[in-house]
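Engineer: Predicted model and sequence follow; I will ask about them next.
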Amino acid sequence: MYWRRRFIALAVGLGVLALVTWAVNGALGDGATRQATNLSQTTSQHPAEHSTRPAASSARPASTGATPSPTAEPTASPASSAKHGGSAKHGTSVKHGGSPQRHRAGRRRTAAAAGPFRACPRADLVLSLFSARSSYPAHARPQFSVNVVSTAAVGCTVNLGAPHLHIVITAGGKNQVWDSAACARPAPRAVTLARGVPAVVRVAWNRKTSAPRCRPPHRAARPGTYTAIAYSGKLSSRAVIFVLKGRGIPVP
């Protein structure tokens, strides 16, 4: 009887121990299953995160590209810098830089301080007279061009208006027939000359005679040989010889 009770108690204890063991194993199995499930879910989420990160990183350069570059900041106007929160002191940096108008005004003041070009010395001027043709038919007006060249090392000015520059035409080299300054209105024409660069003045003759102060009569020049010379004060060009043909009918 005693041994039977001991056997029953032992069996019940083993049963309880087995039940406890089964319960503990079940709990441990559920925890492992949940951990595995959580691990699998976490692992499955990581690719999505990695896939979205490149999209975000690829979007960042586009946003940074829209921001102004540092090189554009110095050209900003004072009004725009004040709009973005800049103080009045920031505007003084633009003021110290100077505006284009102030630079131009400074150049004008410098040029004014330097003064105008000096007058060209007569010794540095060379006059050259050219005729468009050596012979002119009836009713054709003789055309002349005067080249004025400076040999001075620096720029200078010369007055090429009448009567400072004029052409005198003579018949037979002695008798004056026409002077381009006789009937021309005085008109100052200051020209700045650079060394070796000619200034060209063109003059046409209407084939009529002239007298000082444009006094009449103004007769038609007769056919024949004439000589033309350009003058600028005491400076003169070489003589140019040409021929007038026809009946001497004046050109209107």
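Structural biologist: Nice, thanks for sending it over. Only a predicted model underlies this, so the values are computations on that prediction, with no experimental measurement involved. Residues are numbered from 1 along each chain as shown.
Engineer: Domain boundaries for this protein, per the record?
Structural biologist: The record's domain split for the chain, according to automatic domain parsing, is 1-58, 122-244.
Engineer: could I get these as JSON lines with mean neighbour count?
Structural biologist: C-betas here are computed from N, CA, C, even on glycine. Listed next are these as JSON lines, based on neighbours: other Cβ atoms under 10 Å:
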{"stretch": "domain 1-58", "mean neighbour count": "9"}
{"stretch": "domain 122-244", "mean neighbour count": "16"}
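Engineer: mean pLDDT for these: which is lowest?
Structural biologist: Set side by side, those give their lowest mean pLDDT on domain 1-58, at a mean of 56.
Engineer: Name the SS class of residue 154, please.
Structural biologist: At residue 154 the chain is in coil, as set by DSSP: H, G, I helix; E, B strand; the rest coil.
Engineer: can you tell me which residues contact it?
Structural biologist: Residue 154 makes contacts with 118, 195, as judged by Cβ atoms under 8 Å, 6 or more residues apart in numbering.
Engineer: That one and residue 120, how far apart?
Structural biologist: 10 Å (Cβ to Cβ, to the nearest Å).
Engineer: other SSEs contacting the host helix or strand of residue 242?
Structural biologist: According to DSSP states H and E, residue 242 maps onto strand 240-244. When contacts are defined as 3 or more Cβ pairs under 8 Å, 6 or more residues apart in numbering; DSSP states H and E, strand 240-244 sits against strand 125-131, strand 135-136, strand 224-232.
Engineer: Dump those to CSV, plus distance to residue 210.
Structural biologist: CSV is the format used below for the helices and strands packed on strand 240-244 (distance: least, Cβ to Cβ, whole Å):
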stretch, distance to residue 210
strand 125-131, 18
strand 135-136, 18
strand 224-232, 13
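Engineer: Indicate which one of these is closest to residue 17.
Structural biologist: strand 125-131 (134.8 Å; Cβ to Cβ).
Engineer: partner strands of the closest one, parallel or antiparallel?
Structural biologist: strand 143-150 (antiparallel) (DSSP bridges).
Engineer: For the helix or strand just after the strand it pairs with, which helices and strands make contact with it?
Structural biologist: Beyond strand 143-150 on the C-terminal side, the first helix or strand identified by DSSP H and E is strand 156-159. Helices and strands touching strand 156-159, by 3+ Cβ pairs under 8 Å, 6+ apart, are strand 143-150, strand 190-193.
Engineer: Show me the contact partners of the shortest one.
Structural biologist: Think strand 190-193. Residues contacting strand 190-193 (Cβ under 8 Å, 6+ apart): 117, 120, 148-150, 152, 155-160, 199.
Engineer: any idea how far the closest residue to residue 193 other than its chain neighbours is from residue 189?
Structural biologist: Distances taken as Cβ to Cβ, 6 or more residues apart in numbering place residue 150 nearest to residue 193, at 3.9 Å, with adjacent residues excluded. Residue 150 is 15 Å from residue 189, where distance means Cβ to Cβ.
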